[in-house]
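**Student:** Have a look; sequence and predicted model below, questions after that.
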Amino acid sequence: MKRIVLATLACFISAGGALSEEYKEAVITKVKGNRATLKVKDQEVQVVLGAASSAFDAKGRELQSTDRLLLLNVDNVVDVATSKQRNYELIREIKLVKGELTKARMEEANSPAEYKGAVIAKVTKSGGAVLKVKDQELTVMFSVNSKAFDIDGKPIPDDYHRAILKEGNEVDVKTYKIGPGIIIDEIHLKKGELTKRNAKSVDPGPNNGSFAPKVVIIKQPKVLWDKGYYKEARVGDYVEYQDGPGTGFLRREIVEVGDHFVVEMKTRSAGGPKVQTSIKMNFTGRGDLEPPPDDSQAKKSYEEKMKIGNEELVTKVVETYDKATNRLQTKQWFANEIPFDGLVKEETKKGNWVKMLTGYARGK
């Protein structure tokens, strides 16, 4: 299968290597900012509450972005789902089981403010805007939780929020503060128009990964263009996965194809807000076709039939083992019919599946 040659690249792009964990009735023993130490049976786990993390109180009500840190209270008992990173675990979902929210609001957050009839004076390179409100100017920016509405009051899709940021537009804005930054909670178009949408609108400018969508540019060896999937990519190709055993979601879609480059829009959610990343891959560099082999691992492959919905696929199963212990590390299923690297399903060494294909299509 020729697309298997891009498996290493795809794992980097989709963060497929991150393992999922779930902890029931963990006790918070230490808290520092958005970091916490959990006591789970006889072990301690370091976790981080990120911008896309979802948090719920004891009644199951989702906490607003400015209130999530209130849940990180010493001695609270929580249920937590995480994704493993290199030196810590990133919280995907956290729910209060026993305890209480901290009495004070998070230190960085101030009371929300609302501005009526603000005029967009300038659109910033970071994807935000300078608003002129009466005799003052203030710089605002989107977060992954921001909501935008057109002139008819209809919600603007998450991946098109920035279309409202056009110089001269008049808007009503609700904001809150985090540190020195003023974050858009809601923005409503009152006068003006949205910017035109096209394939290049997925490239909104760098923002250091703090606000979605962010942009990643990857330079790849030219030889991969001819050997891999992307030479045959078409606008509209997409795959969707259930990402982890909870309510995680992952979608990858080709939005632009050119001479030795493609632009992919990746949308990910851990059950809460969606985070989008625009990935432009330029296949114009020099380099080897494949990375050096990992001598610590051994692979075994075979064919297996798998049913996805009403369709039965003939898949190639790839099992990766640790040579020293002969223990299974990952197990992946690939099929020629599936766009991108052909991934249908992926399991961790514990047998818990990390990804399961739920939908796909080829573009026209």
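**Tutor:** Alright, I've got the coordinates.
**Student:** what's the burial count for Gln332?
**Tutor:** Look at Gln332: counted by other CB atoms under 10 Å, it has 24 neighbours. Using the backbone N, CA and C atoms, a C-beta is placed for each residue, glycine as well.
**Student:** residue contacts, it?
**Tutor:** Applying CB atoms under 8 Å, 6 or more residues apart in numbering, we find Gln332 in contact with 7, 317-318, 320, 343, 345-347.
**Student:** Can you tell me the closest non-neighbouring residue to Glu22?
**Tutor:** In space, and not counting its chain neighbours, Glu22 is closest to Ala81: 4.9 Å by CB to CB, 6 or more residues apart in numbering.
**Student:** before we move on, back to that, so for the contacts of Gln332, which is the shakiest by pLDDT?
**Tutor:** In terms of pLDDT, Ala7 ranks lowest among those, with 42.
**Student:** What is the neighbour count of the residue nearest to Glu22?
**Tutor:** Neighbourhood size, Ala81 [other CB under 10 Å]: 23.
**Student:** Looks to me like Ile338 is in a helix.
**Tutor:** No: judged by DSSP: H, G, I helix; E, B strand; the rest coil, Ile338 forms no part of a helix; its state is coil.
**Student:** so it touches Asp237, yeah?
**Tutor:** No: with contact defined as CB atoms under 8 Å, Ile338 does not count as touching Asp237 (9.8 Å).
**Student:** who's more crowded, these two?
**Tutor:** Neighbours per residue, other CB under 10 Å: of Ile338 and Asp237, the larger number sits with Asp237, 24 against 21.
**Student:** pretty sure the more buried one is touching Lys364, no?
**Tutor:** No: counting by CB under 8 Å, Asp237 stays clear of Lys364, with 9.8 Å between them.
**Student:** wait, is Arg234 part of a helix?
**Tutor:** No: going by three-state DSSP, the assignment for Arg234 is coil, not a helix.
**Student:** Would you map the strands across the stretch 151-300 of the chain?
**Tutor:** 170-178, 181-191, 214-221, 238-243, 249-258, 261-269, 274-285, 297-308 (DSSP state E, counting those that start in this stretch).
**Student:** Who are the packing partners of the third one?
**Tutor:** What it means is strand 214-221. Contact partners of strand 214-221 among helices and strands, from 3 or more CB pairs under 8 Å, 6 or more residues apart in numbering; DSSP states H and E: strand 274-285.
**Student:** mind listing what's buried in the strand it packs on?
**Tutor:** 274-283 (16 or more other CB atoms under 10 Å).
**Student:** so who does the spatially most central residue of the chain touch?
**Tutor:** The centroid of the chain falls nearest to Arg268 when counting by CA atoms, centre = their mean (3.6 Å). When contacts are counted by CB under 8 Å, 6+ apart, Arg268 touches 52, 243, 248-251, 274-277.
**Student:** Could you do Val74 as well?
**Tutor:** Residues in contact with Val74 (CB under 8 Å, 6+ apart) are 28-31.
**Student:** Report the beta-bridge partners for Thr320.
**Tutor:** Counting by DSSP bridges, Thr320 forms beta bridges with Lys299, Thr330.
**Student:** ranges for the helices of the chain?
**Tutor:** 7-14, 223-227 (DSSP state H).
**Student:** and the ones you listed, which one is worst for confidence?
**Tutor:** Of all the helices of the chain, the minimum mean pLDDT falls on helix 7-14 (a mean of 40).
**Student:** so where's the stretch 51-200 of the chain shaky on pLDDT?
**Tutor:** Scanning the stretch 51-200 of the chain for pLDDT under 70 picks out 51-52, 64-66, 85-87, 103-111, 125-127, 143-145, 158-159, 177-181, 197-200.
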